[in-house]
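Participant: sharing a sequence plus its predicted fold:
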Amino acid sequence: MRIYHLGNPSKFETDYKISAICRIPIIRIAIVNFSLMLPRAMPIAPKPVPSCLVFDFDGTIADTLSEALRLFNRLAPVYGYKQLPPNELEKARNMTTKQFIRAYDIPRMKIPSMIREGRRIFGKRISEIKPIEGMPDVLRTLRPKVTTLGILTSNAKVNVEAFLTKEDLQIFDFISTVPKLGGKAKNLRSVMKTFTLDPSTMAYVGDETRDVRAAQKALVRSVGVTWGFNRYEAIAKEKPYDICENPIDLLKLVGQIED
């Protein structure tokens, strides 16, 4: 059947054409299939629960920000970089690690030596270091919910052990240390190999942009916390898998509280 139109077709003619076309079997099938392709509300899958949680130490478990600032300024004249005055602290907390190193002219070659000296001085003051408020209870709650609980830090193992003993937090399966600012991704991969873990079952929790990047490089779940050195804005720019603004938010990782 042919229908010729001069000008715009009338509503009757248009409706007639549509009804005629829809009676063709192959067209009807196409219309049905197209309707199945339309967007529909899909249930949101729950986030996977990690069986291994690894924590940074300074700024994540231990409240070391004021001590770190004191140490940084004390070592500045020794290693030849700029001091960080208190009025610049908030600006510095929104910097990435690379930005911070550039801003305060920190000699990269001297960083390993600075870390060693900082560890030594820090160890003498470990009795004065307090945990992040709420973290001890959260860690004790998390312990039975995961298979493996660990610490990966740039601090010295002896300092971390002394702190955990002081706070009655000897609940970790391992403490792994790195002697430089980088290298955490490599250590995370070593942890996976040691404990025969799949990256999807592991999460690394840290307070600095370099912690988030290390987790992403190791292909494990990155969890940024905002109560340590870096502020929310700096952490969020790194696009971690999760962001926690309060220690109790960590319980979401194991399904203890809902998002």
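Facilitator: On my side now, so go ahead. Numbers count the residues shown, from 1 in each chain.
Participant: what's the helix or strand for Thr141?
Facilitator: Assessed by DSSP states H and E, Thr141 sits inside helix 135-142.
Participant: nearest residue to Leu75 other than its sequence neighbours?
Facilitator: Once flanking residues are discounted, Leu75 sits nearest to Met114: 5.9 Å by C-beta to C-beta, 6 or more residues apart in numbering. From N, CA and C alone the C-beta is placed, and that goes for glycine too.
Participant: shouldn't the one you found be within a strand?
Facilitator: No: the assignment for Met114 by DSSP: H, G, I helix; E, B strand; the rest coil gives helix, which leaves it out of any strand.
Participant: wait, doesn't it sit right on Gly80?
Facilitator: No: counting by C-beta atoms under 8 Å, Met114 sits too far from Gly80 to count as a contact (10.4 Å).
Participant: if we can go back for a sec, contacts only, for the residue nearest to Leu75.
Facilitator: 75, 79, 106 (C-beta atoms under 8 Å, 6 or more residues apart in numbering).
Participant: Ile171 should be in a helix, yeah?
Facilitator: No: counting by three-state DSSP, Ile171 is not part of a helix but coil.
Participant: returning to that earlier point: identify each buried residue in the helix holding Thr141, please.
Facilitator: Within helix 135-142, the residues that count as buried by 16 or more other C-beta atoms under 10 Å are 135-136, 138-139, 142.
Participant: now the element after that helix, going C-ward?
Facilitator: Toward the C-terminus, helix 135-142 is succeeded by strand 148-153 as the next helix or strand (DSSP H and E).
Participant: centre of the chain to the helix or strand following that following strand, how far?
Facilitator: Note on strand 148-153: by DSSP H and E, the next helix or strand toward the C-terminus is helix 157-166. Centre-to-centre, helix 157-166 and its host chain are 24 Å apart (C-alpha atoms, centre = their mean, to the nearest Å).
Participant: what sits up against the helix or strand just after helix 157-166?
Facilitator: Of the helices and strands lying after helix 157-166 in sequence (DSSP H and E), the nearest is strand 174-177. Under the criterion C-beta under 8 Å, 6+ apart, residues 148, 150-157, 160-161, 187, 190-191, 194 lie in contact with strand 174-177.
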